[in-house]
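J.: What follows is a predicted structure for the sequence shown.
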Protein chains: 2
Amino acid sequence: MSHNDQRKPRPRPTISDVARLAGVSISTVSRVLNDTAPVSSEVEHRVRQAIEMLNYTPHLAARNLAVRKTETIGLLLPEVGNNFFAPLLRGVENAIRPTEYQLLVHASLRVPDPAPWRHSPIGEHNADGMLVFVNSMDQAELLRNYERGFPMVLLFFTPPSNARIPYVGFDNTTGLCQVVEHLVQVHGRRRIVYLRGPVGNFDSEEREAAFRQTMERLGVPVYPELVARGHYSSIGAEQAIQELLDRGIDFDAVFAGDDDAATGVLAALRRNGRSVPEEVAVVGFDDIPFSAHLNPPLTTVHAPVEQAGYVAASKLLSLLAGEMPELATRLPVELVIRQSCGCDRTFL
Amino acid sequence: MSHNDQRKPRPRPTISDVARLAGVSISTVSRVLNDTAPVSSEVEHRVRQAIEMLNYTPHLAARNLAVRKTETIGLLLPEVGNNFFAPLLRGVENAIRPTEYQLLVHASLRVPDPAPWRHSPIGEHNADGMLVFVNSMDQAELLRNYERGFPMVLLFFTPPSNARIPYVGFDNTTGLCQVVEHLVQVHGRRRIVYLRGPVGNFDSEEREAAFRQTMERLGVPVYPELVARGHYSSIGAEQAIQELLDRGIDFDAVFAGDDDAATGVLAALRRNGRSVPEEVAVVGFDDIPFSAHLNPPLTTVHAPVEQAGYVAASKLLSLLAGEMPELATRLPVELVIRQSCGCDRTFL
DNA sequence: GCGTTTTCTGAAAGCGCTTTCAAAATAGCA
DNA sequence: TGCTATTTTGAAAGCGCTTTCAGAAAACGC
């Protein structure tokens, strides 16, 4: 109803205003702004003074248009509920900070686009390159961007085989191998439930393959009734476990998929009076900060999320610099043993 | 070293390319793109076809320049380590999604700026308005933007008294009052340690004031040796508690500042063999998802972070629409009682 | 001092789009 | 059919900046 009554909405000064006030041409102002050509110190001083007085800030859109670069890199995420966006972002930020680039973040909810000609909300038109999180962009668009030569790097999934797009992910295979070996070799568990992530999730599928392979190698069967979907979420996992329990299915360990899911597993088990780790051991994946504080402290595999963000952004930066970074990076993960597996490490 | 060998880096098509291919003028193309004026259906069809063929996407910087709007709103954050970044972003995204706006996120590390004329990395020049998180922008710049009439809304802090900038925060006072009352009235605690947040943090100061006030009202003293700084972080709080313990200071409860800090408190206490809640009760603030899974489940006050993001973004949107939203919003918080205070709620 | 470099500066074009403004095409009506 | 009212279209200016190009000024050499 009422008007926005912020005061003095005088129009923002432009480069011409500065030029006029300093008594020079706009070219000169531009030169002192960007230091692209020598300017006599007397003139430079006048210009700086004018800038100061007017409180002038160059208009980025105009600049971008003129130089045909946006100086921003995009980060495309799927639904933002995920607990590891914070560290991921931190990594990206750290890589980007020393540069001129800005970060444009977009969380796509994957709604079908109303305007068919308007492609992704972030792309060639508003970014010089982008970081694509798994499940945030469909394959067709990914390919289209690739064909156009638009710089991208993929986070936590690999590109279609014919596209040479750099990506970074975790060494899921080794991680799973280690945690499973630990469960069966040191704790003698055999009926291990495996909680998958969301359907179509790359990491999830890779982990499952590694799981089956390791189990086979160790000679312990993967019981079909013990693999369920935990959706990498606390409540999803809780329900999955509850259902197994309700169906009277017996198990002595669970790989939760990730740590979020592990908290759900812990909750379900506790509510049903199953002791962890005595009756059932539980392990996660990711090692989010809270894992150490769960009850019992969670044995999990540490995934360097922040580093992933950093590495991905660095790759993109080098792509933008015209270089071709290493295509694939698998960040090493590390088994961190606490107590939920049955080990007796003292806390912290 | 090697070149970026993505193929076919043919230049992106412009509106002129589309016009030429469709055999019309660029004005016409613009019109079908934006539906700003009637276009005969035959022509419209040709244009759409051309757009399709060329896989054309309008260049946003150019468009922004022409219309003098950026269609993006900025979100300025301090260091992104914060655990409630994810829900906050989710709220903001939800509010923004139905609109045309994009979200530009910038985490400022508060480094002194090298180029003095280049103000905030996000501001008038690249956004139509912005959401300013506490501690992410200095007062001078805040005021400067305000004077210019640049739309902003503040998150978790109030503006200088002479600036009518909308803000949203939590009802810290009520929250603190409730949790403190609970501690002293139902659990009879009297020697309560109070862990402050980071220096200069608005919420922290507000909470401390409320704490002192409530204590006074209840007639229980605030012992100076019991107030320390927990920095709203797990390890900060852990150290603070450890130090109190080392100094042999006695206490029977601790208000941790926030839930992150509470996990640190719990860890320190456990490591030193103090039982929670029997010997010392601990409570937090925020109610992050993990709080329910801590050992023991944390009694805390629930702060609707996602809602805060949503409300803040909505306010900004209405500011952008030329309206003046309600200036101050204090989101209600709610005491959630679990077990770390000494209550015996069954889990979940 | 005078021609020649070298340094500094301004005019003007152009980045890709929107948006007047007026002309061209079409429709409406007598 | 002729003339006006209406719809559809294109030319051109302009958004705020960078950058080429060439001219002006200053510095240099002899």
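T.: That came through fine.

J.: how far does stretch A:195-211 stretch from start to finish?
T.: One end of stretch A:195-211 sits 11 Å from the other (CA to CA, to the nearest Å).

J.: contacting residues around it?
T.: Identification of contacts with stretch A:195-211 by CB atoms under 8 Å, 6 or more residues apart in numbering or on different chains yields A:134-135, A:156-158, A:169-170, A:172-173, A:175-177, A:180, A:194, A:222, A:227-232, A:237, A:240-241, A:254-258, A:261, A:265, A:285. For every residue, glycine as well, the C-beta is placed using N, CA and C.

J.: where are the low-confidence patches of the stretch 101-250 of chain A?
T.: Applying pLDDT under 70 to the stretch 101-250 of chain A picks out residues A:108-121.

J.: give me the residue from chain A nearest DNA strand C.
T.: A:P38 (2.8 Å; CB to the nearest atom of the strand).

J.: next one: phi and psi at that residue?
T.: Torsion angles at A:P38 (phi, psi; degrees, to the nearest 10) stand at phi -70, psi 140.

J.: ok so, going back, can you list which of the contacts of stretch A:195-211 are found in strands?
T.: Among these, the ones falling in strands (DSSP state E) are A:169-170, A:194, A:227-229, A:254-255.

J.: got the contact list for the residue most central in space within chain A?
T.: Centroid-nearest residue in chain A: A:L88, 4.8 Å away (criterion: CA atoms, centre = their mean). Shown in contact with A:L88 (CB under 8 Å, 6+ apart): A:155, A:305-306, A:308-309.

J.: give me that answer again for 6 Å
T.: A:305, A:309 (CB atoms under 6 Å, 6 or more residues apart in numbering or on different chains).

J.: quick one: the helix or strand hosting it to chain centroid distance?
T.: Take DSSP states H and E as the rule and A:L88 turns out to sit in helix A:85-96. Centre-to-centre, helix A:85-96 and its host chain are 8 Å apart (CA atoms, centre = their mean, to the nearest Å).

J.: Against which helices or strands is the following helix or strand past it packed?
T.: Heading C-terminal from helix A:85-96, the first helix or strand you meet, by DSSP H and E, is strand A:102-107. For strand A:102-107, the packing partners by 3 or more CB pairs under 6 Å, 6 or more residues apart in numbering or on different chains; DSSP states H and E come out as strand A:72-77, strand B:102-107.

J.: Can you say which of these is packed in most?
T.: Using mean count of other CB atoms under 10 Å in any protein chain shown, the stretch among the helices and strands packed on strand A:102-107 with the largest mean neighbour count is strand A:72-77, at a mean of 25.

J.: Output the helices and strands packed on strand A:102-107 as CSV; include the columns distance to A:H45.
T.: Listed next are these as CSV, based on distance: least, CB to CB, whole Å:
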stretch, distance to A:H45
strand A:72-77, 32
strand B:102-107, 31
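
J.: To A:V184, which of the ones you listed lies closest?
T.: The minimum distance between A:V184 and the helices and strands packed on strand A:102-107 falls on strand A:72-77, with 36.0 Å, by CB to CB.

J.: The closest one pairs with which strands, parallel or anti?
T.: strand A:102-107 (parallel), strand A:129-133 (parallel) (DSSP bridges).

J.: Save these as JSON lines, and put in distance to DNA strand C too.
T.: JSON lines is the format used below for the strands paired with strand A:72-77 (distance: least, CB to the nearest atom of the strand, whole Å):
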{"stretch": "strand A:102-107", "distance to DNA strand C": "18"}
{"stretch": "strand A:129-133", "distance to DNA strand C": "17"}
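
J.: Keep only those of the contacts of stretch A:195-211 that are also close to chain B.
T.: The subset of the contacts of stretch A:195-211 lying close to chain B, counting by CB under 6 Å from any CB of the partner chain, is empty.

J.: Just the buried residues out of those residues, in PyMOL syntax.
T.: The PyMOL selection below is limited to those of the contacts of stretch A:195-211 classed as buried (16 or more other CB atoms under 10 Å in any protein chain shown):
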select buried, chain A and resi 134+135+156+157+169+170+172+173+175+176+177+180+194+222+227+228+229+230+231+232+237+240+241+254+255+256+257+258+261+265+285
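
J.: secondary structure class for A:R212?
T.: Secondary structure for A:R212, judged by DSSP: H, G, I helix; E, B strand; the rest coil, is helix.

J.: For it, which non-adjacent residue is closest in space?
T.: Closest residue to A:R212 apart from its sequence neighbours, by CB to CB, 6 or more residues apart in numbering or on different chains: A:V222 at 5.6 Å.

J.: Does the one you found touch A:M215 like I think?
T.: Yes. Between A:V222 and A:M215 there is a contact at 5.0 Å, judged by CB atoms under 6 Å.

J.: how close does A:A95 sit to chain B?
T.: 12 Å (CB to the nearest CB, to the nearest Å).

J.: Surely that residue touches A:K315?
T.: No. A:A95 is beyond contact range of A:K315, at 9.1 Å (criterion: CB under 6 Å).

J.: Between the two, tell me which one has more neighbours.
T.: A:K315 (27 against 21; other CB atoms under 10 Å in any protein chain shown).
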